[in-house]
Structure formats: structure tokens, C-alpha cells
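Undergrad: Structural data only, the sequence is not supplied:
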């Protein structure tokens, strides 16, 4: 009798933005395979588990993915509770499909635990809705990262058509994002907010316009979310982040 | 010294899909104002709080909203921890903007706690990614519910341009959704999955095509998420939901 592989969303970064279900699974896990970017505070919740970092490097995706698949399957044959921990939500830009498909072909049980995705945590930090009656009735979640053989502008149509846009994994492509959007007709004064390390103590928020995006994006560091749309116009004009009330019992 | 109003995402329905932060705030809250659709299991976490249902009825939005705003502000002047609990995430179709803006004009502190949104929990139930390399690099979250004076087809462009579409609050407009999408050129055989009561014990999942959408949508009951796109083609063809492993320690 083999165990179950739980693909678990680690949320945006803050340990208390894990779900109760994710925290319970981590506490009970025998082994945890985690992305390189999952913060240490979250990994310490997996008190009794063996912890294995399986961060993928750019350009070595397919080899690494086959290796991860194999290790997950081996672990499920040895352990009762195997957790595959992914930043944010596992099924939104999480590359979970290969892992789920492989484990199922091996006859192994897989279950997914959803998480808080970065754009929603970013919105909470800003105190600004992604949607707003009369201004924004649609939100596109896109990534400009194209896979092998994919059209590089696949993301563009959705980003042009939606009222609000959340761009994931776009930090290294800021000039190309501006060219693509401006070339398709997006106004260069469209309000933009860039958030790095969302929900973590070192969270950084930068306000500007689409034209200014390359200057707003940090050079390196943690994951970045780019938000774009008219819902941010007033906040960008004022460049004000609401003060935190802090956790009440601390 | 007045208290803080926490706009808290209750998540998709299951109590253990609350975040740790949300659960802690509910446990410490003095008063909780909640949407009508938040399940009782979640409300019991607010053990010491006064609980007030503030569900809005269709067509009476603005009056009700002013009343809720006023009650939240009054509560913040009396209590230390006021929780405004909203299904899913507060800032994605959560109509939070009016509440945040009003409380700020009153000089009151507001903080937002993000939640797991229904489309991500629906994806977890299906075990299917919203995005997939080579197939889907963008997801649109839309609602066909138009506000007063808004163009009723405002949502349509984003739904047409994105690879995968999650439609919120669309259950009562299924025939209009099919007409609008088909009229704009969406293929009638586009795979569709409809989920009702996502993450709850009575969760219902129906598979079909865009043409069949009106028959897939339940007549009444809990909140419904409609998912649409090529990522669902294989699963719709097989109409198979993965078996649940169950929570490990139960």
C-alpha cells in the first residue's frame, strides 16, 4: 500500500498565509519536496519530515522535471504522506501537470491543496481590489515566459483584453513587456504597481506607469508580481501604501 | 482609540482552507460581519465574537452597502478586532472597494487578509492546472454580472482572449454566456467544467461543452464556478474526477 502525494500551495510567502490544511499536512508529512523559494519559516512547520529542495534552474527544466517526478513516485512507495510544496497555488503557473500526470500513470494517489496566489496577496498589501464595478470586471493572470516552441506573445492578447492584469514571472522581461503591450496599443501611462517579496517582512512596492516599468522592477531577488490597470490610477498618483495594523495579539 | 477592520477571505468553503491568519483573527474577533454564504463550520471559529450576517440581495445593492459601511465603522469605534468575512478572496469580485474607501474616509484602520479563491479550489478538486506549457499561458477571471450603467459584454473580450477562463457569478446567466461567447467566435465544443459548492462535502462537478453549459449549471443552491478551455479537453472527454485520498489523520 503506497502513500499519497499532496501537491500543496505554500501561499505567497508569509507562514500564516498557509491554509490550515497545508499546515496540518506539513506537520504530518514524512517527506517534503519544496521549491527553492519557499521561506524557511514555512519549512520549519514540517517538523518531522525529511526536507528536499528541488528548485529548478532555467534551461534545465525537462531533465530536472523527470528527476522530480521519479523522486516523488519513489517517496510515495516508501512513505504515507509525501508533500510537494510549491510557492503560491500549485495550479496557477505551478507546472504541476507533469507531476500529476506522471504519478497517476504510476497508479499513485495525488491530491492538490490550493493556496493563496501572489496577485491576491499583493492586492491585500495594496488594499486595492483587482475588480471594481464600472472600472474592472475582468482580471488576466499571465506570464510572458514562453515554453520551447511557443509563440512568445501568447500572453499578450489576454493582457490587452482584460481590465486588470497580473503578470507572473515577468521581472526579467520588463523591457519586452513594455514593447509588446505598447506595440499592441496599451497606453504608456497605464498605472503599474510592482511588488517583490509579497507578504514577507522585506516586501517592496513600487508605483509608476507602463513606460516606467523597467525602472520599477528590482534587479534580482525574490518573486515579483506586476499589476497593471486603471484600478491603480489613484494609488499610483499618490504612491501610498496603507499602514499595517499588525497582527492583533502580537 | 478605535479598532481595526480586517477584511478577511473565508476561502472557497471548507473550513480548513482558511489561512492560519484568518483563523487566528476569527478566534480573536470581537464582532464578525459575514456574507450569507459563509458556511457555519467557519463561523464557529469565531467563538467569542458577535456574528452578524450582512448578505446582500440582488437589486438592493447600494442601500445595503451603505448600511454595511456604517455598521463596520460603528463597530470599529467600539471594538478592537472587527472582522468582515467574505467568501473566497476579498479583492477578486468581492466588492470590497466601497467598504475600504468608506472606512478610510472615517479615519479607521483597514487591513485585508487574502484567501483561496474559488477557481483555484475548483482546480484542486479537478487536479487540473489552469495553465499548461504549450496550451494555456493566460487565465481570465471574469464575471458577466454587469453593474448599473455598465456594458453587459464588458467581460467578453477578456474571456475570448485568454486561454483558460474562470467565470464567477455566472450560474443565472448561462444561456446569455453561451450566446455571447459563441457570437464572438468561441467554438461550441470548447470544454467546460461547472463546479458547485467547491471544497464542501456536497461538491458537484459537471463536464461538457460550451453548447451544453445551460444544462450543466444547477438551478439554485451554492456558489458556482464555470471553467472553460482546452486544458479540460481530456478530462471532459473522460468525465473523471480524481478520487480523494482524504485527510490523512482522519
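TA: Everything's here; your move. All values derive from a computational prediction rather than experimental measurement.
Undergrad: Local confidence estimate at residue A:183?
TA: Here the pLDDT value assigned to residue A:183 is 96.
Undergrad: Give me the nearest residue to residue A:165, chain neighbours excluded.
TA: residue A:228 (4.3 Å; CB to CB, 6 or more residues apart in numbering or on different chains). Quick note: C-beta positions are derived from backbone N, CA and C, even for glycine.
Undergrad: The one you found: which element?
TA: With secondary structure defined by DSSP states H and E, residue A:228 is part of strand A:224-229.
Undergrad: Show residues contacting that strand.
TA: In this structure, residues lying in contact with strand A:224-229 by CB atoms under 8 Å, 6 or more residues apart in numbering or on different chains are A:118-119, A:122-123, A:126, A:130, A:136, A:159, A:162-168, A:170-171, A:174, A:177, A:181, A:190-196, A:198, A:210, A:213, A:217-218.
Undergrad: Could you point out the helix or strand that follows the longest helix seen in chain A?
TA: If you go by DSSP state H, chain A has its longest helix at helix A:61-78. Downstream of helix A:61-78, the first helix or strand assigned by DSSP H and E is strand A:81-86.
Undergrad: among the helices and strands of chain A, which has the poorest mean pLDDT?
TA: The least trusted helix or strand in chain A, going by mean pLDDT, DSSP states H and E, turns out to be helix A:61-78, with a mean of 88.
Undergrad: Counting by contacts, list what it packs against.
TA: Helix A:61-78 sits against strand A:4-9, strand A:31-34, strand A:81-86, helix A:97-105, with contacts defined as 3 or more CB pairs under 8 Å, 6 or more residues apart in numbering or on different chains; DSSP states H and E.
Undergrad: Pull the distance from it to the chain's centre.
TA: 22 Å (CA atoms, centre = their mean, to the nearest Å).
Undergrad: got it, and stretch A:101-116?
TA: The answer for stretch A:101-116 is 19 Å, by CA atoms, centre = their mean.
Undergrad: What residues of that stretch count as buried?
TA: Applying a neighbour-count criterion of 16 or more other CB atoms under 10 Å in any protein chain shown, one finds A:102-103, A:106, A:108-116 buried in stretch A:101-116.
Undergrad: show me the contacts for the residue minimising distance to the centre of chain A.
TA: The residue lying closest to the centre of chain A (CA atoms, centre = their mean) is residue A:88, at 4.3 Å. Applying CB under 8 Å, 6+ apart, we find residue A:88 in contact with A:9-12, A:94, A:115-118.
Undergrad: Among those, which ones are in helices?
TA: Using DSSP H, the subset of the contacts of residue A:88 located in helices is residue A:118.
Undergrad: Bridged to residue A:51, which residues?
TA: residue A:32 (DSSP bridges).
Undergrad: My guess is it contacts residue A:32. True?
TA: Yes: counting by CB atoms under 8 Å, residue A:51 touches residue A:32, with 5.1 Å between them.
Undergrad: More neighbours: which of these two?
TA: A count of neighbours by other CB atoms under 10 Å in any protein chain shown puts residue A:32 above the other of residue A:51 and residue A:32, at 26 against 17.
Undergrad: wait, that one sits on residue A:45?
TA: No: applying CB under 8 Å as the test, residue A:32 and residue A:45 come out as separate, 9.3 Å apart.
Undergrad: shared neighbours of these two, which are they?
TA: Shared contacts of residue A:32 and residue A:45 (CB under 8 Å, 6+ apart): residue A:26.
Undergrad: quick revisit: count of neighbours near the residue nearest to residue A:165?
TA: Residues near residue A:228, counting by other CB under 10 Å, number 27.
Undergrad: what pLDDT does it get?
TA: At residue A:228, pLDDT is 97.
Undergrad: try the one 4 residues further on
TA: On the pLDDT scale, residue A:232 is placed at 96.
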